[in-house]
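1. Would you be able to build a 3D model of this:
(3 chains)
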Amino acid sequence: MPEPPDPAETLPDPAGEPAAEADPALFAHALRIAEALIFASDRPIAPARLAQALPPGIDPRAVVTALMATTAGRPVELVEVAGGVAFRTAPDLAPAITRVVEVPRRLPRVAMETLAIIAYHQPVTRAEIEEIRGASLSQSTLEALLEMGLIAPRGRKEVPGRPSLWGTTPRFLEQFGLKALTDLPRREELVSEPASPLSA
Amino acid sequence: MPEPPDPAETLPDPAGEPAAEADPALFAHALRIAEALIFASDRPIAPARLAQALPPGIDPRAVVTALMATTAGRPVELVEVAGGVAFRTAPDLAPAITRVVEVPRRLPRVAMETLAIIAYHQPVTRAEIEEIRGASLSQSTLEALLEMGLIAPRGRKEVPGRPSLWGTTPRFLEQFGLKALTDLPRREELVSEPASPLSA
Amino acid sequence: MTQPVLHLRLDGFEGPLDLLLDLARAQKVDLEKISIIALVDQFLAVLEQARRVRLELAADWLVMAAWLAWLKSRLLVPPDPEEEVDAEALASALTDRLAELERMRLAAAWLARRDQLGREVFGRGAAEQLRVEDRSGLHADLPALLQAYAGARRRALARRPYTPKHRKLWTVQDALARLGRLIGALPDWAVLHRFLPEGLTDPVEQRAALASTLIAALETARGGAIELQQDRAFGPILIRRAAPTEAMPDARAA
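-> Below is the predicted model of the structure:
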């Protein structure tokens, strides 16, 4: 006994006629159009937009349902996304087709200078870094260096406030291709400091 | 009697081993990867990029051949274009698609002629294009071709004034569905064509 | 009534070569076999008619007309062996130009007949991002680190002369008071540096404090409250509370 058509299915039919069995050849053609259109569109295709391209009398939702069934499990599947349907490559293939591109970050100047001062003056407090750079230092710069594993706390200085002392890490040596901190050129080779033997 | 493999077919095998039958499951997986990779991109995929994504030991050309065979006649077909492969909608579906997807305007005759001259005479200066056409070329025509990505500067000609040289781009090949510039008809073939296009 | 039509037609041509090609086609023969003389006559006739409609004509049309008239005259007279330019060669160069323009027209038409991307065939409209950016790496090398250090120091030092800093110098009185306070808790020899005030980072202030502390220590030692010891020149200066019960060989040395 044929079931009565689902009223919800017939709603989008512009002519309002009952959802008669579509001509199979016409439906196959509609499937072809839908596949090509969804492929070519730069955004998800909503049923209303799909209907514009389909032959009259074809229910776009029936076409979408059929297309979803045929592409399920295929390398490219029809999926519902915000605003309609779109083709997406199967998630299991992502590792094979994506290419990881290394985009190394560049350290901002303040961070680079802070790192260099820590390397040469460690263990050193934030106040001392500020003194050496002659400029104030934001906590976020230290935190960024800490997060990248280039510096680590080295206890606290026994002065009022007990500020943290900072030093470089093995990761720092690795990043700059150093075997040991003693591989760093001497400070005097880099910059001629005014005579201050006490600070040596 | 099985025929010996065509030597031309086996040549590109990087390992130089005989074109052994690949493991069918592995080959099927390679087909899935290739389909997803080519489908995901809006630009043609070069053989080298395809080979990167495929499991080792799989000949990318065998995969492309198989994929072309399975997608031939489908609404979205695999085609060779601009030195790679890409999926393209079947031309017979264009009328339905263009009801929904916006289509750019056709290039005016002047732009098409200029493009043809650049394609056949590249690298070529603007003055040389004007010489061939026997008419001055407006800057807007060159700019339109440039904006569409069909032409690109190819250095400068070492003559007084050092004018820019122009050539076509991979995008040009894509636009007209050409595998390479050698797909353009040879000059002799152009003249032997029917006389109808004179009025074009 | 034909004149305005002609006027409009001339405007429709893209330069003299365009018109010449059109006239050559009208001869309905292979471009290689066209009659240049007939072509010149037709071109001049068209131009003459156009000039009757309006006197001004673009310069390139007139240049072409003059050149063609000259070419025709050379073609009509028997070839002169003394002549530098060969009229036949010029005529064939013109034919070649027309043939090339014709070929480029055909090439443009060939391109125009092809299925074009975005018109007759379509590619993937919404490409998927296949690039995953790994930003965990760091772009920094040793030269950059050293440059940063040198740059920071140079700037800090350069700034100094312009912003003379108020120095709070550690006086001998300050040092005497501090020494007196700390000496009581001193169990054994301790280096003089330990008696410097804390928190001094400025090298000059550190040096001044060291000097005043040394003077204070000498003063206190003279009073007999402490002993001082230095094993060698520029060696560390040691301090301890005076122990009257002990023999003091070191005191002599100091």
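
2. Near chain B, which residues of chain C are found?
-> Neighbours of chain B within chain C, by C-beta under 8 Å from any C-beta of the partner chain: C:14-18, C:20, C:25, C:97, C:99-128, C:130. C-betas here are computed from N, CA, C, even on glycine.

3. Now which of the residues you listed would you call buried?
-> C:14-18, C:20, C:97, C:99-112, C:115-126, C:128, C:130 (16 or more other C-beta atoms under 10 Å in any protein chain shown).

4. Show me those residues that map onto helices.
-> C:16-18, C:20, C:97, C:99-112 (DSSP state H).

5. returning to that earlier point: just checking: which of the buried ones among the residues of chain C next to chain B also lie near chain A?
-> Among those, chain A is touched by C:122-126, C:128, C:130 when using C-beta under 8 Å from any C-beta.

6. which of those has the weakest pLDDT?
-> For these, the least confident position by pLDDT is C:Leu130, scoring 76.

7. Who are the contact partners of that one?
-> Taking C-beta atoms under 8 Å, 6 or more residues apart in numbering or on different chains, we find C:Leu130 in contact with A:97-99, B:37, B:40-41.

8. same check, this time on A:Ser136
-> A:Glu130.

9. mind checking the SS state of it?
-> coil (DSSP: H, G, I helix; E, B strand; the rest coil).

10. coming back round to it: for ChimeraX, write the select line for the buried members of the contacts of C:Leu130.
-> To isolate the buried subset of those in ChimeraX, counting by 16+ other C-beta under 10 Å, use the following:
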select /A:97,98 /B:37,40,41
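
11. In CSV, list the contacts of C:Leu130 along with pLDDT, secondary structure and distance to A:Leu142.
-> Below are the contacts of C:Leu130 laid out as CSV (pLDDT from 0 to 100; DSSP: H, G, I helix; E, B strand; the rest coil; distance: C-beta to C-beta, whole Å):
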residue, pLDDT, secondary structure, distance to A:Leu142
A:Ile97, 82, helix, 40
A:Thr98, 83, coil, 35
A:Arg99, 81, strand, 35
B:Leu37, 87, helix, 44
B:Ala40, 87, helix, 42
B:Ser41, 86, coil, 43
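
12. Which ones among the contacts of C:Leu130 also lie next to chain C?
-> A:97-99, B:37, B:40-41.

13. could you pull out the helices for chain C?
-> C:2-12, C:16-26, C:36-53, C:59-76, C:87-113, C:142-159, C:172-183, C:203-222, C:249-253.

14. Identify the residue of the stretch 151-254 of chain C closest to chain B, quick one.
-> In the stretch 151-254 of chain C, the residue found nearest to chain B is C:Gly151; the distance is 38.5 Å by C-beta to the nearest C-beta.

15. no, scratch that, I was asking about chain C
-> For chain C, C-beta to the nearest C-beta, closest residue to chain B: C:Leu17, 2.3 Å.

16. mind checking pLDDT for the closest residue to that residue other than its chain neighbours?
-> Excluding the flanking residues, the one nearest C:Leu17 by C-beta to C-beta, 6 or more residues apart in numbering or on different chains is B:Gly134, at 2.3 Å. On the pLDDT scale, B:Gly134 is placed at 85.

17. isn't B:Gly134 right up against C:Phe13?
-> No. If you go by C-beta atoms under 8 Å, B:Gly134 and C:Phe13 don't touch, sitting 9.5 Å apart.

18. Run through the residues that contact C:Glu100.
-> Contacts of C:Glu100 (C-beta under 8 Å, 6+ apart): B:Ile132.

19. that older thread, more neighbours: which of B:Gly134 and C:Phe13?
-> B:Gly134 (20 against 17; other C-beta atoms under 10 Å in any protein chain shown).

20. Contacts only, for the more buried one.
-> Counted by C-beta under 8 Å, 6+ apart, B:Gly134 has contacts C:14-18, C:20, C:97, C:101.

21. what about C:Leu44, how many residues close to it?
-> 16.

22. Nearest residue to it in space, please, no chain neighbours.
-> Per C-beta to C-beta, 6+ apart, closest to C:Leu44 is C:Ala65, 6.0 Å.

23. how near is C:Ile237 to chain A?
-> Per C-beta to the nearest C-beta, to the nearest Å, C:Ile237 is found 14 Å from chain A.

24. before we move on, back to that, looking at the helices of chain C, which is closest to B:Pro123?
-> helix C:87-113 (16.0 Å; C-beta to C-beta).

25. how far out from the middle of the chain is the closest one?
-> 44 Å (C-alpha atoms, centre = their mean, to the nearest Å).

26. where in chain C is pLDDT low?
-> C:1-12, C:28-29, C:32, C:53-57, C:79-85, C:160-166, C:243-254 (pLDDT under 70).

27. again, 50 this time
-> Applying pLDDT under 50 to chain C flags residues C:1-8, C:246-254.

28. swap in chain A?
-> A:1-19, A:195-200.

29. What parts of it come near chain B?
-> So chain A meets chain B at A:31-33, A:35-37, A:39-41, A:45, A:49-50, A:52-54, A:74-76, A:87, A:89-90, A:93, A:96-97, A:99 (C-beta under 8 Å from any C-beta).

30. mind running it again at 6 Å?
-> A:32-33, A:35-37, A:39-40, A:49, A:52-53, A:75-76, A:89, A:93, A:96-97 (C-beta under 6 Å from any C-beta of the partner chain).

31. before we move on, the earlier item: which single one of the contacts of C:Leu130 is nearest to C:His193?
-> Using C-beta to C-beta, the contacts of C:Leu130 come closest to C:His193 at A:Arg99, 59.1 Å.

32. nearest residue to residue 103 other than its sequence neighbours?
-> Here I'm looking at chain A. Closest to A:Val103 by C-beta to C-beta, 6+ apart is C:Glu133, at 4.7 Å.

33. I was thinking of chain C, sorry if that wasn't clear
-> For C:Arg103, the closest residue by C-beta to C-beta, 6+ apart turns out to be B:Leu190, at 5.0 Å.

34. Which secondary structure element is home to the one you found?
-> Assigned by DSSP states H and E, B:Leu190 belongs to helix B:187-192.

35. ok now that helix, how far from the chain's centre?
-> 21 Å.

36. Tell me if I'm right that C:Arg153 and A:Val191 touch.
-> Yes. With contact defined as C-beta atoms under 6 Å, C:Arg153 counts as touching A:Val191 (4.3 Å).

37. For these two, indicate the residue with more neighbours.
-> The residue with more neighbours, out of C:Arg153 and A:Val191, is C:Arg153; 22 against 15, by other C-beta under 10 Å.

38. out of the contacts of C:Leu130, who's nearest chain C?
-> B:Ala40 (4.0 Å).

39. Go ahead and confirm the closest one touches A:Ala90.
-> No. Judged on C-beta under 6 Å, B:Ala40 makes no contact with A:Ala90 at a distance of 10.5 Å.

40. Which residues of the stretch 51-200 of chain C lie near chain A?
-> Counting by C-beta under 6 Å from any C-beta, the stretch 51-200 of chain C sits next to chain A at C:122, C:125-126, C:130-135, C:137-140, C:142, C:145-146, C:148-150, C:152-154, C:156, C:159, C:198-199.

41. Please produce a ChimeraX select command covering the buried subset of those residues.
-> To isolate in ChimeraX the members of those that are buried, counting by 16+ other C-beta under 10 Å, one can use:
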select /C:122,125,126,130,138,140,145,146,148,149,150,152,153,156
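
42. could you measure the residue nearest to C:Lys72 when sequence neighbours are not counted against C:Leu71, distance?
-> Distance criterion C-beta to C-beta, 6+ apart; nearest residue to C:Lys72, sequence neighbours excluded, is C:Val40 at 4.4 Å. Remark: distance between C:Val40 and C:Leu71 (C-beta to C-beta, to the nearest Å) = 7 Å.
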